[in-house]
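Trainee: Sequence and computational prediction follow.
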Amino acid sequence: MYEKLSRNLLAIVIAPLLAVCFFTGGALSPFRFAYLPLMILISIRLPPRAIFLTGTLFACGYAVMVISNKPADWHAMAIAAPEFIFYMLTAWTATSVARTISQERSLFQLSELTFQGLNNELSSRANNLQTTLDTLTLVHTELKKIDRYRTVFLGNIAHELRTPLSGIMAYSEILLTYEDLDIPSQREFLKIINDDSVRMTTLVNDILNSLKIESGNFKLALNKVRSSELIEECIKAMRPMAVAKGLTLESSITSGSIFINADKNQVMQVLINLVNNAIKYTQQGGVTVGVALKGRSAEFFVIDSGEGIFPAEQEKIFDEFYRVLDNVSNRPTGTGLGLSICKKIVDVHEGTIGVESSVGKGSTFRFTIPIFFNEEQFQIDEPGERLIHQHKDIRRILVVVRNTVKSMCLTKSLKKAGYNTTVTNSYEKAHDLLALTSVDLIISDLSLTIDNNEPLLSRAASKMIPFYQSYFYVEPPEIISQVITGYIWSPFNPSQILPILETLKMKHKKISIISSNMDESRMLQVILGLEDYKTELSINNDELFPSGRSFVPEAIIIGTFEADQVDGIVRKIRSNAKVANVPLILALKVNPPRNIKLITAPSQGDRSLLFGLSPLVQIIEGELFK
Amino acid sequence: MKTIDILIADDEPHIVRALSFIFSKAGFVIDTAVNGEEALSKCRSLTPKIAFFDLVMPKMDGIQLCQLIKAEIRQQPPYIIILTCKGQDIDKEMCLKAGANDFMAKPFSPKEVMEKVRFLLGEE
């Protein structure tokens, strides 16, 4: 307002100027020359129209003064006329100047904005480049590290092979050269040749095994395996080695029958490898092998009373090709592959492996394998199977879920459907994985939305990978039921909710709305009420069905809650017999960006089907083959 | 003081056994050592004519051993043959500088070893 006033002040000054001119000699007042500088000043500050008006006002004022001074004096008027014209011209010129200035000004502002915009664009591109650069640097460092190890590894292999080889060569030549060799010596040398051959074979097998696991050409034959059986077999196989060194080898099995879902040969290999190491690095005392139930996994452990492992090395020993030095010969021992193979096997089973150790006191190696549960639940229903047979191509799918049971269910079903599926349990790992390889589809569990999925989303977007978010709810292994039926997202759009409800054939039926947000639930109620749905509201998750028996909903909409509360609410609903099979629709607070699709999975009413898998498969097929 | 013809020092028992066998069969008097320290002391006490040393041994490696022997044993030092796995030029230069006389790469052929030994000891 102050601005405006100061601007108009200049114009306002013109009027008093006129008055002054009038009262100090009228048309011949000396003050009339003040007009010119004033107009110049004004042209800088005022809009063109105001200037023109001001100038015109003055000129007319001047004319009036001339006429009023000497009415009907044509001579005087003739003299004043040029001055009048001059004043008008000045007004017009000032207006033009003002117009030009204001045009320039707006052009300038425009280019300022453009500049800003370009600047921002540049910054964001620079940021993207930086992110890419960071990822590449990371990948590069990793690759260099692996390359370094591999060079050392190849060198070690050659060395390791040459030693048994020299034995074989020397003794075979001796046997050939000395014809009169006595039998005991002959047998001794032949045994050495045989031992060395075995040693080389083991080495070669280790290498091949490691390569096989690494290349992914590795089929896991999962079965129901009794873990106590594995331990007993392992101990039986390794006992001679322990006895030869004077060590004890015992088992420690706390619970009777823990069944794991595993490839027996692979897990056996891990156990044997760990026990082998334990015996190798223990000079006195003994080794204990055992298993115990830990959550939803079986935890195997191998405890030895050996020389222990330095803290600095404890992290590295699972690295490929890393070898600890034998503290007698100061030569690296083994191939460096044993523990990395163990880790790979355990990873593929979706378990974890680790070590605790103190130097001089001994080490404990532990690894977990998920427990087994009922195979029947992995059936795919008939329509789903038909569809799968139509599309034989195998595609790569990346699944991001946190819970092992969920991931196993989903992965198994997808793999059975013929998809090459990879699972990670965090957005970070998925993001890193996408840096190294590519997939055709990403499915993520919504319970992970607490974590930051921004980097993964943007990477998926930049690689144009369709991203599906779904909510998979799984109960303990005994009861697995599909729970979430559909999704809607706020701000609520009637055109989105209604078709879902119609598909579920919920028209005119009773809907229960559970939400912690009053506005949201009211809005839903209104939208639904207009369409003749009967609704009931529940504001908190303690009292899900306030009207009790009188209002049994035929569908339930769950509004926005914190992600970890939803689990509890869903569990409560499903454990309530009256509504256990009712379709559930989950509302999402997050407005998903364009490239995220939410899976709607209409209820099958078939308990043996997980997560409405058949529709899920249909949607995936639709997405991949459109 | 007992003197022997050949000393064999290597931490790989198979190598030692093979070489000992070949040389004993040929009638030479031999002794063995499993590490650098033992090799040094036996060189001092038994003054072998030929000594086979592995390049990589615990307690003292082949090169260090050569240097010490060349420094200590002035009169009739043993003819030192280094058993190597690598066979790289760099190693050879280092060994020769340290005082080694010859090289033999593992895996070796017993026949070749015998030929060399006979040649060396035949001359003397």
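Mentor: Thanks, I have the structure now.

Trainee: Quick one: classify A:Ala79 as helix, strand or coil.
Mentor: In this structure residue A:79 is Ile, not Ala. Each residue gets one of three states, and A:Ile79 gets helix by DSSP: H, G, I helix; E, B strand; the rest coil.

Trainee: repeat for B:Thr3
Mentor: Under three-state DSSP, B:Thr3 falls in the coil class.

Trainee: Relative to B:Lys49, how far out is it?
Mentor: With distances taken as C-beta to C-beta, to the nearest Å, B:Thr3 is found 8 Å from B:Lys49. Quick note: C-beta positions are derived from backbone N, CA and C, even for glycine.

Trainee: burial count for residue 82?
Mentor: You didn't pick a chain, so chain A it is. 9 (other C-beta atoms under 10 Å in any protein chain shown).

Trainee: That was the other one, I meant chain B.
Mentor: Counted with other C-beta under 10 Å, the burial measure for B:Ile82 works out to 25 neighbours.

Trainee: Over to A:Lys144?
Mentor: When counting by other C-beta under 10 Å, one arrives at 10 neighbours for A:Lys144.

Trainee: Which elements pack onto the host helix or strand of it?
Mentor: Assigned by DSSP states H and E, A:Lys144 belongs to helix A:74-177. Secondary structure elements in contact with helix A:74-177, counted by 3 or more C-beta pairs under 8 Å, 6 or more residues apart in numbering or on different chains; DSSP states H and E, are helix A:35-45, helix A:48-69, helix A:183-215, helix A:427-436, helix B:13-25, helix B:110-123.

Trainee: quick check: angle from the first one to helix A:48-69?
Mentor: Between the axes of helix A:35-45 and helix A:48-69, defined by axes from the mean of the first three to the mean of the last three C-alpha atoms, to 10 degrees, the angle is 160 degrees.

Trainee: quick one: contacts of helix A:35-45?
Mentor: A:6-7, A:10-11, A:13-14, A:17, A:50-51, A:54-55, A:58, A:87, A:90-91, A:94-95, A:97-98, A:101 (C-beta atoms under 8 Å, 6 or more residues apart in numbering or on different chains).

Trainee: Now with 10 Å, please.
Mentor: Outside helix A:35-45, the residues within contact range by C-beta atoms under 10 Å, 6 or more residues apart in numbering or on different chains are A:3, A:6-11, A:13-14, A:17-18, A:21, A:50-51, A:54-55, A:58-59, A:61-62, A:86-87, A:90-91, A:93-101.

Trainee: Now do residue 72, the pLDDT please.
Mentor: Going with chain A. If you check A:Ala72, the pLDDT there is 72.

Trainee: Chain B, not that one
Mentor: The pLDDT attached to B:Glu72 in the predicted structure is 83.

Trainee: Quick check: closest non-adjacent residue to it.
Mentor: With C-beta to C-beta, 6 or more residues apart in numbering or on different chains as the measure, B:Arg44 is the residue that lies nearest to B:Glu72, at 6.9 Å, once sequence neighbours are left out.

Trainee: Give the other helices and strands that the helix or strand where that neighbour lies contacts.
Mentor: Using DSSP H and E, B:Arg44 sits in helix B:36-46. Other elements packing on helix B:36-46 under the criterion 3 or more C-beta pairs under 10 Å, 6 or more residues apart in numbering or on different chains; DSSP states H and E are strand B:6-9, strand B:30-33, strand B:50-54, helix B:62-72.

Trainee: who does the third one pair up with?
Mentor: Read it as strand B:50-54. The strands that strand B:50-54 pairs with in its sheet are strand B:6-9 (parallel), strand B:79-84 (parallel) (by DSSP bridges).

Trainee: By mean pLDDT, which helix or strand of the chain comes out lowest?
Mentor: Reading this off chain A. Of all the helices and strands that make up chain A, the one with the lowest confidence by mean pLDDT, DSSP states H and E is helix A:382-390; it has a mean of 41.

Trainee: sorry, should have said chain B
Mentor: Here the helix or strand of chain B ranked lowest by mean pLDDT, DSSP H and E is helix B:89-98, holding a mean of 72.

Trainee: give me the number of residues near whatever residue of the stretch 51-200 of chain A ends up closest to chain B?
Mentor: Using C-beta to the nearest C-beta, A:Ser166 is the residue of the stretch 51-200 of chain A that sits closest to chain B, at 3.4 Å. For A:Ser166, the count of nearby residues is 21 (other C-beta under 10 Å).

Trainee: Name the nearest residue to it, ignoring sequence neighbours.
Mentor: If the residues on either side of it in the chain are set aside, A:Ser166 comes closest to B:Pro107, at 3.4 Å by C-beta to C-beta, 6+ apart.

Trainee: hang on, that neighbour is in a strand, isn't it?
Mentor: No - the assignment for B:Pro107 (three-state DSSP) gives coil, which keeps it out of a strand.

Trainee: And it, how far from A:Asp196?
Mentor: Look at B:Pro107 and A:Asp196: by C-beta to C-beta, they are 11 Å apart.

Trainee: out of these two, which sits in the more crowded spot?
Mentor: Under the neighbour definition other C-beta under 10 Å, B:Pro107 and A:Asp196 were set side by side, and A:Asp196 has more, 20 against 16.

Trainee: That one contacts B:Pro13, correct?
Mentor: No - when contacts are counted by C-beta atoms under 10 Å, A:Asp196 is not listed as touching B:Pro13 (11.6 Å).

Trainee: circling back: who's in contact with the least confident helix or strand of chain B?
Mentor: Residues external to helix B:89-98 that are found in contact with it (C-beta under 10 Å, 6+ apart): B:53, B:55, B:62-70, B:80, B:82, B:84-86, B:88, B:100-103.

Trainee: about what we covered before: so what's the residue count around the residue nearest to B:Glu72?
Mentor: Per other C-beta under 10 Å, the neighbour tally for B:Arg44 reads 12.

Trainee: Confirm for me that it is in contact with B:Leu65.
Mentor: No - contact criterion C-beta under 10 Å: B:Arg44 and B:Leu65 do not qualify, at 11.7 Å.

Trainee: before we move on, back to that, return the set of buried residues in the least confident helix or strand of chain B.
Mentor: Under the neighbour-count criterion of 16 or more other C-beta atoms under 10 Å in any protein chain shown, helix B:89-98 has B:Asp91, B:Lys92, B:Met94, B:Cys95, B:Ala98 buried.

Trainee: likewise stretch A:64-82?
Mentor: Within stretch A:64-82, the residues that qualify as buried by neighbour count (16+ other C-beta under 10 Å) are A:Met65, A:Val66, A:Ile67, A:Asn69, A:Ala76, A:Met77, A:Ala80.

Trainee: repeat for stretch A:260-279
Mentor: Along stretch A:260-279, the positions that meet the burial threshold by neighbour count (16+ other C-beta under 10 Å) are A:260-264, A:266-279.

Trainee: Please determine how far A:Asp432 is located from A:Leu53.
Mentor: When C-beta to C-beta is the yardstick, A:Asp432 and A:Leu53 sit 69 Å from each other.

Trainee: and if you look at A:Leu528?
Mentor: For A:Leu528, the distance to A:Leu53 under the criterion C-beta to C-beta works out to 61 Å.

Trainee: Those two: which has the busier surroundings?
Mentor: Neighbour comparison, A:Leu528 and A:Leu53: the larger count goes to A:Leu528, with 21 against 16 (by other C-beta under 10 Å).

Trainee: In strands, which of the buried residues of stretch A:260-279 appear?
Mentor: Here DSSP state E is the test, and the buried residues of stretch A:260-279 give A:Ile260, A:Asn261, A:Ala262 as lying in strands.
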